[in-house]
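K.L.:
Predicted model follows, preceded by the sequence.
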Amino acid sequence: MSKIMTVDILSSIKGAQPSEAVNKLFEVIKNAQSTNNNSFNANHNNVSLDDLRDDVVIESSAQEKQIIIENFPKEKNGYLVVSKIIEE
Amino acid sequence: MDSQILHIHQQLTNKEISCAALVQEKLEALKPNTNNTVNSLLDNLALELAAKVDEKIAKGEPIGVLEGIPFGIKDVYMVQGTYTTASSNLLKNYKSAYTATAIQKLLDAGAIPIVKENCDSFGHGSSSENTIFGAVKNAINPELVGGGSSGGSAVNVAKDYTVFSIGGDTGGSIRQPAGYNHVYGLKPTYGRISRYGLMAYASSTDCVGPIAKTIEDIRIVLNVMSGKDAKDQTTYASEEIKAENISDYSNIKSVGYFKDFVESDAIDPKIKADFLAAIEKIKAKGITVKELDFFKSDILVSTYYTLAMAETASNLSRLDGSNYGNRIEDKNLKESYAITRSENFSEETKRRIVGGNQVLSQGFSDEIYLKSLALRDAISANFEKDFTEVDIILSPVTPSNPPKIGDSLKNPHAMYLSDAYTVGFSLGQLPTFTVPQGTNTGLQITAAKNNDELVLKFANFLKDTI
């Protein structure tokens, strides 16, 4: 894990470089006065344990399955074809 | 009470028009695609549904208010069996396997979807120019942008191609194009409408909302789409907003506005003068108006974009061409991912993904990402304090008029800054409503969280006042 991951690798985008327009935005944050507030995420969207949805498997409809297969970029005998797993 | 939906409903039930003829008329109007608002027409589905509505009417069966009403859908919503491209190359042949909850509720109410609408790719933009379907042209002046990212939706409503359209708003993407095209556009409180089936951009601010020509139409559509949904656990149960509850606005006593917004160097002088003139008219009605302190625009924009980019980098990491999308094969899996994403994402999408991964990286996250989260908390706290002092916050929708087509693409930083007045309310997850009054790009009405009723009520007040 000593490798430094550059943004092009992290983003899976060839030759990607940080952009000047975006860096200008980040500079504003760096220079902003600290709010001295460590209680992150006041916008609480967390769900109460009493209100979790049922942990059950819901079978997709035949039509849904058919469309998922239609969306396969490459298909063989009804199966999705993917590239070989990376070996390194 | 002005309502296109109720007017058409009356015409259908009185048999003055047939639903098939109505839908056909809208489809014909959309076909030439003069403003580049159309990604795909849902003509077969729409005409099939219209025939069923006509059959019911012919049998003398009652129909619901939304039954037979043609509407448009921003092309980021799943509608089973239809192309859902997000205006991107990557998904240009992608078909939805299921239907978004908000759209399903409209279908259940009998509304008829007629078009998937052009927008900035994955919601990444403020002009609807970052799209493979051609820049959306403004409804009022086609040399100008339609606004974004829900530009196609706002233009279709403004041109009467749809009776209402469903947009998506992450940092202003309903409110700004509504303002640019002189129609109404609502970003409800975050969580009021399920996001299930909306392609995620920045999940903590993504909102589903209606665009229409009247306040009553917004109310009708909002009520149908609202409600708790087990498939989006950030949703909450909300009460129906009744028409009679928003017609009497006598209990609105105080309005605030951010002096930083109007004192900014970036605001167009005419927009500033018109906004202050609107404030004077409100004062003249006996409402107390208060100047409020707020964060500087550059802080708001930077906080929003930092968080939105981090979230979109994460959300869009699934788009690698393995299971769906326009896969480009290369020598191995990793290279296939990279070439697929490099070739298929727009420049703006790539800029945001890279920015997001930058701020989530070790060494940057404390200094930028976590600090942005803390700033967001401070912004929310500021809103909470403000709403103990005033009922409503009023603001311009944008600092300037719509740019010419092509200008925003040349200067992305200027495009980010043009969102200065909309992004703060997104970070606060507050209900905010663009009304086509007051300034050339409209006015924004904001209330405290979950108080969507109050923004509609104040819109009625403004309609009668200015």
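P.N.:
Sure, I can see it.

K.L.:
May I have the distance across stretch B:51-64, first residue to last?
P.N.:
15 Å (C-alpha to C-alpha, to the nearest Å).

K.L.:
so how far is that stretch from its chain's centroid?
P.N.:
Stretch B:51-64 sits 32 Å away from the centroid of its parent chain (C-alpha atoms, centre = their mean, to the nearest Å).

K.L.:
same thing with stretch B:306-323?
P.N.:
Averaging C-alpha positions (C-alpha atoms, centre = their mean) puts stretch B:306-323 20 Å from its chain's average.

K.L.:
Then stretch B:431-445?
P.N.:
With C-alpha atoms, centre = their mean, you get 13 Å for stretch B:431-445.

K.L.:
Then stretch B:78-86?
P.N.:
Here the centre of stretch B:78-86 is set off from its chain's centre by 18 Å, with C-alpha atoms, centre = their mean.

K.L.:
and that stretch, anywhere near chain A?
P.N.:
Yes. Stretch B:78-86 reaches chain A (C-beta under 8 Å from any C-beta of the partner chain) through B:80-81. C-beta here means a position set from N, CA and C on the backbone, and glycine is covered the same way.

K.L.:
Which residues does that stretch contact?
P.N.:
For stretch B:78-86, contacts defined as C-beta atoms under 8 Å, 6 or more residues apart in numbering or on different chains pick out A:63-64, A:67, B:39-40, B:42, B:45, B:73, B:75-77, B:91-100, B:103, B:113, B:116, B:119, B:121-123, B:132, B:197-199.

K.L.:
now those residues: which count as buried?
P.N.:
Taking 16 or more other C-beta atoms under 10 Å in any protein chain shown as the criterion, what is buried in those is A:64, A:67, B:39, B:42, B:45, B:73, B:75-77, B:91-92, B:94-100, B:103, B:113, B:116, B:119, B:121-123, B:132, B:197-199.

K.L.:
quick one: which of the residues you listed sit in strands?
P.N.:
Under the assignment DSSP state E, these contribute B:39, B:73, B:113, B:116 to strands.

K.L.:
Need the max-distance pair from these.
P.N.:
Farthest apart among these by C-beta to C-beta are B:Asn39 and B:Pro113. That separation is 12.5 Å.

K.L.:
So which residue of chain B lies furthest out from the middle?
P.N.:
Here chain B reaches farthest from its C-alpha mean at B:Lys331, the gap being 40.7 Å by C-alpha atoms, centre = their mean.

K.L.:
phi, psi of it?
P.N.:
Backbone torsions of B:Lys331, given as degrees, to the nearest 10, read phi -70, psi -30.

K.L.:
any idea how far A:Ser83 is from it?
P.N.:
Going from B:Lys331 to A:Ser83 by C-beta to C-beta, to the nearest Å gives 8 Å.

K.L.:
cool, B:Ala230 as well?
P.N.:
To A:Ser83, B:Ala230 is 36 Å away according to C-beta to C-beta.

K.L.:
What of B:Gln233?
P.N.:
35 Å.

K.L.:
Kindly report the same for A:Gly15.
P.N.:
Distance of A:Gly15 to A:Ser83, computed by C-beta to C-beta: 21 Å.

K.L.:
Report the contact partners of B:Ser165.
P.N.:
For B:Ser165, the contact set (C-beta under 8 Å, 6+ apart) comprises B:71-74, B:117, B:150, B:152-154, B:156-157, B:210-212.

K.L.:
Now do the helix or strand hosting B:Asp54: which elements does it pack against?
P.N.:
Using DSSP states H and E, B:Asp54 sits within helix B:43-58. In terms of contacts (3 or more C-beta pairs under 8 Å, 6 or more residues apart in numbering or on different chains; DSSP states H and E), helix B:43-58 is packed against helix B:4-13, helix B:19-30, strand B:112-117.

K.L.:
for these, which one sits closest to A:Gln33?
P.N.:
Nearest to A:Gln33, of all the helices and strands packed on helix B:43-58, is strand B:112-117, at 41.2 Å by C-beta to C-beta.

K.L.:
and the angle for the helix or strand following that closest one with strand B:112-117?
P.N.:
Per DSSP H and E, strand B:112-117 leads on to helix B:151-158 as the next helix or strand towards the C-terminus. Relative orientation of helix B:151-158 versus strand B:112-117 (axes from the mean of the first three to the mean of the last three C-alpha atoms, to 10 degrees): 130 degrees.

K.L.:
which secondary structure elements does helix B:151-158 contact?
P.N.:
Packed next to helix B:151-158, using 3+ C-beta pairs under 8 Å, 6+ apart, are strand B:70-74, strand B:112-117, strand B:164-169, helix B:175-180, strand B:207-212.

K.L.:
and the ones you listed, which is most packed in?
P.N.:
Comparing these by mean neighbour count (mean count of other C-beta atoms under 10 Å in any protein chain shown), helix B:175-180 ranks first with a mean of 35.

K.L.:
Could you check the pLDDT of A:Asp8?
P.N.:
A:Asp8 carries a pLDDT value of 94.

K.L.:
Quick check, it in contact with A:Lys14.
P.N.:
Yes. With contacts counted by C-beta atoms under 8 Å, A:Asp8 reaches A:Lys14, the gap being 6.4 Å.

K.L.:
Run through the strands of the stretch 201-350 of chain B in chain order.
P.N.:
B:207-212, B:254-258, B:288-292 (DSSP state E, counting those that start in this stretch).

K.L.:
Okay, now the unreliable bits of chain A?
P.N.:
Applying pLDDT under 70 to chain A flags residues A:1-3, A:35-44, A:86-88.

K.L.:
which residues touch the closest residue to B:Leu307 other than its chain neighbours?
P.N.:
Closest residue to B:Leu307 apart from its sequence neighbours, by C-beta to C-beta, 6 or more residues apart in numbering or on different chains: B:Ser372 at 5.4 Å. Neighbour list for B:Ser372: A:29, B:302-303, B:306-307, B:359 [criterion: C-beta under 8 Å, 6+ apart].

K.L.:
Relative to chain A, how far out is the residue nearest to the spatial centre of chain B?
P.N.:
With distances taken as C-alpha atoms, centre = their mean, B:Ile174 lies nearest the centre of chain B, 2.3 Å away. To chain A, B:Ile174 is 19 Å away according to C-beta to the nearest C-beta, to the nearest Å.
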